[in-house]
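Peer 1: quick one: sequence and predicted model below, then my questions.
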Amino acid sequence: MNKLCSMKEAISASVKNGSSLVIDGFTHLICFAAGHEIIRQRLRGLTAIRLTPDLVYDQLIEAGCVNKLVFSWAGNPGVGSLHALRRRSEAGSSERLELEEYSHFGLLARLLAGSAGLPFWPLNNYFGGDIAQANPAIKTVQCPYTGRELATVPALHPDVAILHCQRADKEGNAQVWGLLGSQKEVAFAAKRVIVVAEQIVPTELIRKDPNRTLVPSIIVSHVVHEPWGCHPSFVQGFYDRDNDFYVKWEDISRQPETYQAYLEEFVYGVEDRRGYLARLESGLLDKLRAKARMCEGVDYGY
């Protein structure tokens, strides 16, 4: 089944006002193109879920798309704060976000439970800090084997998961290499999955290297071909992280006026990802493009 469509079509069909949403990826494979399309479609009331919300979620918050953030750590990696998040989480904010915080593994455990069809996931932690006291969703259960008290977190089933990958076929079989993050768990826990790929390749190529298939087509709703869809994040084997952008973002995002000017130019002011790329400085994409470092193939036999 051919599920290929544009980013605009995929977001319009699957993300609605009030949806719960995960744009996944750990360090790399963070799909800014999807976040920008959500902003352009002026979606509202979203519950944004992510282990490490960074710039793309901050942009969704600044644009007024998000009412609630479910997260663990949040920040501009290696640089500083997320200023839209800070402004909307302080006590005096007139647009204050609802925040639901976990440890990294605590939030991953919610996705593990969701992906496994379980109602909750037990953890042998949360007793040495204050997160459980601040989050009533974290409860306890007595282990039936040892009698020990364990923390628990409820299963999580996001309405939509958006996963970027190196390559996929038109059916939605998605292959990933490098850091995997929580993409597999997010995909199997979510109700709908949008796969965004740097390359669309024949299914025969996918089947030649099946161990790289992280997400199978059976759970995928839409496939989007979006080269450079993760900038300023990176995609292993395709392009590097734009570290200069993350540093510059500290000043851009600190004041609402400069933040809005950025969104007007690079998000609202373009129709799609191609328009965004055209506005980047000349020569930047060539500078970031990855040099080849091939991995030797293996013999699967038959």
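Peer 2: Happy to help now that I have it.
Peer 1: tell me the contacts of residue 60?
Peer 2: Taking CB atoms under 8 Å, 6 or more residues apart in numbering as the contact definition, residue 60 lies against 35, 38-39, 46, 48, 66. Glycine gets a C-beta too; all of them are placed from N, C-alpha and C.
Peer 1: out of those residues, which one sits closest to residue 207?
Peer 2: Of all these, residue 207 sits closest to residue 35, with 31.7 Å by CB to CB.
Peer 1: what helix or strand does that closest one sit in?
Peer 2: Assigned by DSSP states H and E, residue 35 belongs to helix 32-40.
Peer 1: give the next helix or strand downstream of that helix.
Peer 2: Remark: after helix 32-40, the chain's next helix or strand is strand 46-50, criterion DSSP H and E.
Peer 1: contacts for that following strand next, please.
Peer 2: Contacts for strand 46-50 (CB under 8 Å, 6+ apart): 15, 17-24, 38, 57, 60-61, 65-71, 107, 156, 158.
Peer 1: on that earlier part again, ok, so of the contacts of residue 60, who is nearest residue 285?
Peer 2: Nearest to residue 285, judged by CB to CB, of the contacts of residue 60 is residue 35 at 19.3 Å.
Peer 1: for the nearest residue to the closest one once chain neighbours are set aside, what are its contacts?
Peer 2: Leaving aside its sequence neighbours, residue 35 sits nearest to residue 56 (CB to CB, 6 or more residues apart in numbering; 4.0 Å). Residue 56 sits next to 23, 30-32, 35, 233 when contact means CB under 8 Å, 6+ apart.
Peer 1: thinking again about what came up before, average pLDDT across the helix holding residue 35?
Peer 2: Mean pLDDT, helix 32-40: 98.
Peer 1: now it against strand 46-50, angle please.
Peer 2: 160 degrees (axes from the mean of the first three to the mean of the last three CA atoms, to 10 degrees).
Peer 1: any idea how many residues pack against the residue lying closest to residue 280 once chain neighbours are set aside?
Peer 2: Spatial nearest neighbour of residue 280, excluding adjacent residues (CB to CB, 6+ apart): residue 231 at 7.6 Å. By other CB atoms under 10 Å, 23 other residues sit near residue 231.
Peer 1: please apply the same query to residue 232.
Peer 2: Residues near residue 232, counting by other CB under 10 Å, number 22.
Peer 1: can you pull the contacts of it?
Peer 2: With contact set as CB under 8 Å, 6+ apart, residue 232 has these partners: 32, 55, 241-242, 245-246.
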